[in-house]
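J.: model the structure of this input:
(one chain, ligands or ions: 1)
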Amino acid sequence: MTEPTTASSGSARPGDAAWDPRQYAVFAGHRGRPFADLLARVDADDPRLVVDLGCGPGELTLGLAQRWPNARVVGVDSSPDMLARARELDGDGRVEWVEAAAEDWDPTESGGSVDVLVTNATLQWVPSHLRLIPSWVAALAPGGTFAMQVPSNFDAPSHRLMREVAARHARADDLRPGLARAQAVAQPQTYAALLLDLTPDVDVWQTTYEHVLAAEPDGPHPVLEWVRGTGLRPVLGALDDKEREDFLADYEKELEAAYPRKAYGVIFPFTRTFAVARTPA
Ligand SMILES: C[S@@+](CC[C@H](N)C(=O)[O-])C[C@H]1O[C@@H](n2cnc3c(N)ncnc32)[C@H](O)[C@@H]1O
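T.: Okay, here's the model as predicted:
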C-alpha cells in the first residue's frame, strides 16, 4: 500500500474523468454498508454541527440529517456533478451543500465548531490527508467525533490488474501518475498513531466485505462497472475513445479470470479501513 507522500491542492485533476453520480449509484447498496458500519461507532446524541467531507451524491449525508434531526448538516465535495445530484435529492433543502476541495476546506468557516466530522470513501483521493487530519480534529468541539473510512484494496486483483494493464498500454507513462494518486491510503496503524497523538479515545479497524455482485452472462463484468465509478476514473479521463476501448477490453479479460462469474454472480472481496476519534468532553 502506498503511503501518502504528495501534497495536492484543489480538486480539478486534469486527466481524470468527471465523477458520474449515476455510475457511482450502480452499487449504492454495497457502498452504503461501510458508511453504516462507520456511523455505528459514532456515539453522538444531539450534535449541533455535522459535516460530511466528500459527501458525493448526498444519499448518505441525508441519512445523517435523519439520524440527527436537530443538527445543522453540511455536505462538502469538490465535484459539481455530485453536488448537483445531492441538491436534487434534497428537495427540502435540509442540508447545506458546499463545493470545496478537502485540501482547501477550512472547518472554522463552518460557523461553529464541528461536533461530528464524517469522511467516507474520500480521503484516498486526497494524498495530503495525513497532514490535514490534525487540523480537522483540532476544529472539533469538546466531545466531538472524527470518523473516516478509506478503501484498502489497492493490492487486490481489481487494482493490481488495473496497474498491470496500464503498464503495458501504449500510454503507460500518462496513466501512471493518476493511478498512483488514487491509492494514497496509509496503513491502519498509521491512522491509529496519528490520532492517538491527538486524543486518547481512538478506534481503528479493518473489515473485508465479500460483496456478491450480480453478473449477467453477456453483460459487462461487474467489477469493471464498480471501478468505472471510482478508481478507474484517472485512466478513463486520460485516454481517447480508441485507447480507452483497448484498455477496457484488456482489463475486462483479466477481471473475468480473477473474478469468475458463477450462477450467483461474482464475489468481490473489498477491504476497508475505519478510524473514529473522539476529543475529550
Ligand atoms: C467514492 S465517492 C464517496 C462519496 C460518499 N462519501 C459516499 O460514501 O458515497 C468520493 C467523493 O469524494 C469526492 N472528492 C474527491 N476528491 C476530493 C477532494 N480533494 N476534496 C473533496 N471531495 C473530493 C468526489 O467528488 C466524490 O464525491
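
J.: next, Asp246: secondary structure please.
T.: At Asp246 the chain is in helix, as set by DSSP: H, G, I helix; E, B strand; the rest coil.

J.: give the contact list for it.
T.: Listed by C-beta atoms under 8 Å, 6 or more residues apart in numbering, the contact set of Asp246 reads 169-170. Every residue, glycine included, has its C-beta placed from N, CA and C.

J.: what separation do you get for it and Ala166?
T.: Applying C-beta to C-beta, to the nearest Å, the value for Asp246 to Ala166 is 12 Å.

J.: and Thr273, by the same measure?
T.: Using C-beta to C-beta, one obtains 24 Å as the distance from Thr273 to Ala166.

J.: equivalent analysis for Gly111, please.
T.: Gly111 sits at a distance of 43 Å from Ala166 (criterion: C-beta to C-beta).

J.: between those two, which is the more surrounded one?
T.: Ala166 (24 against 9; other C-beta atoms under 10 Å).

J.: can you tell me the element that one falls in?
T.: In this structure, Ala166 sits in helix 157-167 according to DSSP states H and E.

J.: same check, this time on Trp97
T.: Secondary-structure assignment from DSSP H and E places Trp97 in strand 96-99.

J.: tell me if that strand is near the ligand.
T.: No: judged by C-beta under 6 Å from any ligand atom, strand 96-99 and the ligand are separated, with a smallest distance of 8.9 Å.

J.: strands paired with that strand, and their directions?
T.: Applying DSSP bridges to the sheet, strand 96-99 is found paired with strand 72-77 (parallel).

J.: list, one by one, the residues from the stretch 101-250 of the chain near the ligand.
T.: Neighbours of the ligand within the stretch 101-250 of the chain, by C-beta under 6 Å from any ligand atom: 101-103, 120-122, 125-126, 230.

J.: check those residues and tell me the two furthest apart.
T.: Glu103 and Thr230 (19.0 Å; C-beta to C-beta).

J.: pLDDT value on Pro47, please?
T.: In this model, Pro47 is scored at 98, pLDDT.

J.: okay, and it sits in which element?
T.: Using DSSP H and E, no helix or strand contains Pro47.

J.: correct me, but Leu196 touches Thr190?
T.: No: taking contacts as C-beta atoms under 8 Å, Leu196 lies outside contact range of Thr190: 10.9 Å.

J.: where do the helices of the stretch 151-281 of the chain begin and end?
T.: 157-167, 172-181, 188-196, 222-228, 233-238, 241-258 (DSSP state H, counting those that start in this stretch).

J.: thanks a lot, see you next time.
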